[in-house]
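>>> Model the structure of this input:
(one chain, ligands or ions: 1)
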Amino acid sequence: MGKGLFPDCYFHSIYDITPEFLKGKGIRGVILDIDNTLVFYGVYRPTARNTAWLNGLTQAGLAVAFVSNGRQQRVEEYNRDFGFYFSFRSGKPKKAGFLKAAQAMNLAPCQIAVVGDQIYTDILGGNRVGMFTCLVQPIKPEPWLRFRLKRALERPVVRRLKHTKEETP
Ligand SMILES: [Mg+2]
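Sure thing, here's the model as predicted:
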């Protein structure tokens, strides 16, 4: 049986994930979700803190890609100054978006970390293709009904998770 709905690691936020942690796991590329992982819905541009964190990844030699279920314009606008590989309306947890990103980064799935806030899209999809999956807590609770249902479905899994502590040498 695969990892299914369970992430390999669980952090409060992206800022708790360091290049050193990822590289220690043999990771060479990172596939990121945008909405409620990097910024909240409707925030079209990266924050200064987003940019610093993303630059930290690339400066450490990690490849970065965005795989989003959001619209083309949303993803393009967010990515404008970075120019990373991206896909939109990716249909996560479908495998195709993750596999195409892996191909674009020229990496094997086991060398890639998927970072996202949703278990049934980001984590399930990343696990299905054999990537290292990192769940982060959503930036803010979504006010929409469909999300309340999604989050309720996630709760039995999240309850069993413990936050990952970075191993200090
Ligand atoms: Mg998300």
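>>> buried set for stretch 11-31?
For stretch 11-31, a neighbour-count test (16 or more other C-beta atoms under 10 Å) marks 11, 14, 16-17, 19, 21-22, 27-31 as buried. Any C-beta I mention is one placed from the backbone N, CA and C, and that applies to glycine too.
>>> Filter these down to the ones in helices?
Under the assignment DSSP state H, those contribute 19, 21-22 to helices.
>>> would JSON lines of those residues with distance to the ion and pLDDT be doable?
JSON lines is the format used below for those (distance: C-beta to the ion, whole Å; pLDDT from 0 to 100):
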{"residue": "Pro19", "distance to the ion": "22", "pLDDT": "98"}
{"residue": "Phe21", "distance to the ion": "21", "pLDDT": "97"}
{"residue": "Leu22", "distance to the ion": "19", "pLDDT": "98"}
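>>> what is the residue most central in space within the chain paired to in the beta sheet?
Taking C-alpha atoms, centre = their mean, the centroid of the chain lies closest to Val115, which sits 2.1 Å from it. When bridges are called by DSSP bridges, Val115 pairs up with Leu32, Cys134.
>>> what residues does the chain put near the ion?
33, 35-37, 117 (C-beta under 5 Å from the ion).
>>> can you put those in TSV and add pLDDT and secondary structure?
Formatted as TSV, those follow (pLDDT from 0 to 100; DSSP: H, G, I helix; E, B strand; the rest coil):
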residue	pLDDT	secondary structure
Asp33	98	coil
Asp35	98	strand
Asn36	98	coil
Thr37	98	coil
Asp117	98	coil
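>>> Many thanks, have a good one.
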